[in-house]
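predicted model, plus sequence, below.
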Amino acid sequence: MADNNKRALMRKIQELSFAKVETELYLDTHPENASAIEYYNKILSELDDVMTKYQNEYGPIYAEGTVGKRWAWVDDKWPWHTDWEMKGEDR
Amino acid sequence: MKIGHKFARRTENKKEKTMEKNENGYSEYRLGGMGNGCNNGQTQRQNGNRQDGCGSPNRERDTGRQNGDRADWLGSQDGASEYRYENGDMRQGCGCNGESRHLAMVYSPYQCWRMLYTPSDALKHGTLFEELYKPVGECNKNG
C-alpha cells in the first residue's frame, strides 16, 4: 500500500515536471502569453506540493533536498530506481 | 506523401525554367540530377567526372569552381544560384561546392496556447499539446 502511494506520488511528479518543461519551452517563444504563464504557475505550485509530500514521506528526490545531520540521499534506492521501472511497467 | 508530390511539382517547374533559358541563348543549359545526400562524399557530374559531395570545404568550392573549372554565376532563381561552367554544364544550388542540390526551405506556423493534454496524458503522448501529437506509426508489439 505504501509502495503504491509512493509510486503514485512519483508518477504525479513526473507528469507535472513534464508539463512544466513543456510550458517552459512554449514560453521561450511566447514570453507574453498570459494564459501560459498562469498555467505554468499553477503547475509549479502543484509540483511543489507533491514534491514536498513525497520528500516528507519517502526522503529526498534530489541531493539538495537532504536536510538534517545525516546525508539521507544515500539511504534508499535512487528515486528513479523503482521496482515498477525495473520491471518495465508503465512503458 | 504530400511532400513528395510538392517536390515533384517543384522539379517540374525547374525544368520549365530550363527551357526558357535555352531560348535565351544558354544552348547547353541542362539540369543536373537532384542531389541525394552525401553519396559517400562523391557526386557524379554530367560530364562523367566526379567531384566531392560533402567533403571539407575549400576555397575552390567556395568560389563555385571545381577541379580547375571556371564557373560563372548567372543569377538566382527562387533562392538557388545558377552557375555555368566552362564545359557548358549548368548547375543550380547554393554554389558553395558546385552541387546541383537545392537549399531546403522550411516553415512553421505560430503555435497557439490551446488543446492542452492533462499532465498525465501529456507524459503518455510525449507532448503537452494535442496538436503536436503526430505518431509516425503504431508499434507492432509482435514484431
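Thanks, I have it. Residues are numbered from 1 along each chain as shown, chains lettered A, B, ... in the order given.

centroid residue for chain A?
A:Ile13 (3.0 Å; C-alpha atoms, centre = their mean).

mind checking the SS state of that one?
Look at A:Ile13: counting by DSSP: H, G, I helix; E, B strand; the rest coil, its state is helix.

chain B versus that one, what's the distance?
Noted for A:Ile13: a distance of 10 Å to chain B, by C-beta to the nearest C-beta, to the nearest Å. Bear in mind the C-beta positions are built from the backbone N, C-alpha and C, glycine included.

up against chain B, what does chain A have?
A:12, A:14-16, A:18-19, A:22-23, A:26, A:29-30, A:33, A:35-36, A:39, A:43 (C-beta under 8 Å from any C-beta of the partner chain).

and which of these is nearest to A:Val74?
A:Gln14 (22.2 Å; C-beta to C-beta).

what's the local residue count around the nearest residue to that closest one once chain neighbours are set aside?
Distances taken as C-beta to C-beta, 6 or more residues apart in numbering or on different chains put B:Leu123 closest to A:Gln14, at 6.2 Å, once the chain neighbours are dropped. Close neighbours of B:Leu123, defined as other C-beta atoms under 10 Å in any protein chain shown, add up to 20.

how far does stretch A:59-67 sit from the chain's center?
12 Å (C-alpha atoms, centre = their mean, to the nearest Å).

what does stretch A:61-70 give?
On C-alpha atoms, centre = their mean, the centre of stretch A:61-70 falls 15 Å from the chain's centre.

what's the answer for stretch A:5-24, then?
For stretch A:5-24, the distance to the chain centre is 5 Å (C-alpha atoms, centre = their mean).

what sits up against it?
A:36, A:39-40, A:43-44, A:46-47, A:50-51, A:53-54, A:57-58, A:61, A:79, A:82, A:84, A:90, B:119-120, B:122-123, B:127-129 (C-beta atoms under 8 Å, 6 or more residues apart in numbering or on different chains).

quick check: the residue nearest to A:Gln14 is in a helix.
Yes: looking at B:Leu123 with three-state DSSP, it is inside a helix.

separation between it and B:Pro135?
Distance, B:Leu123 to B:Pro135, by C-beta to C-beta, to the nearest Å: 15 Å.

so A:Trp78 belongs to a helix, correct?
No: applying three-state DSSP, one finds A:Trp78 to be coil, outside a helix.

residues in contact with it?
Going by C-beta under 8 Å, 6+ apart, the list of residues near A:Trp78 is empty.

before we move on, back to that, quick check, pLDDT for the residue nearest to the centre of chain A.
A:Ile13 is assigned 95 on the pLDDT scale.

go on, B:Tyr133?
pLDDT, read off for B:Tyr133, is 94.

what is the neighbour count of the closest residue to it other than its chain neighbours?
Nearest residue to B:Tyr133, sequence neighbours excluded (C-beta to C-beta, 6+ apart): B:His125, at 4.8 Å. Neighbours of B:His125 under the rule other C-beta under 10 Å: 15.

just the pLDDT for B:His125.
95.

what separation do you get for it and chain A?
From B:His125 across to chain A, the span is 10 Å (C-beta to the nearest C-beta).

noted, bye for now.
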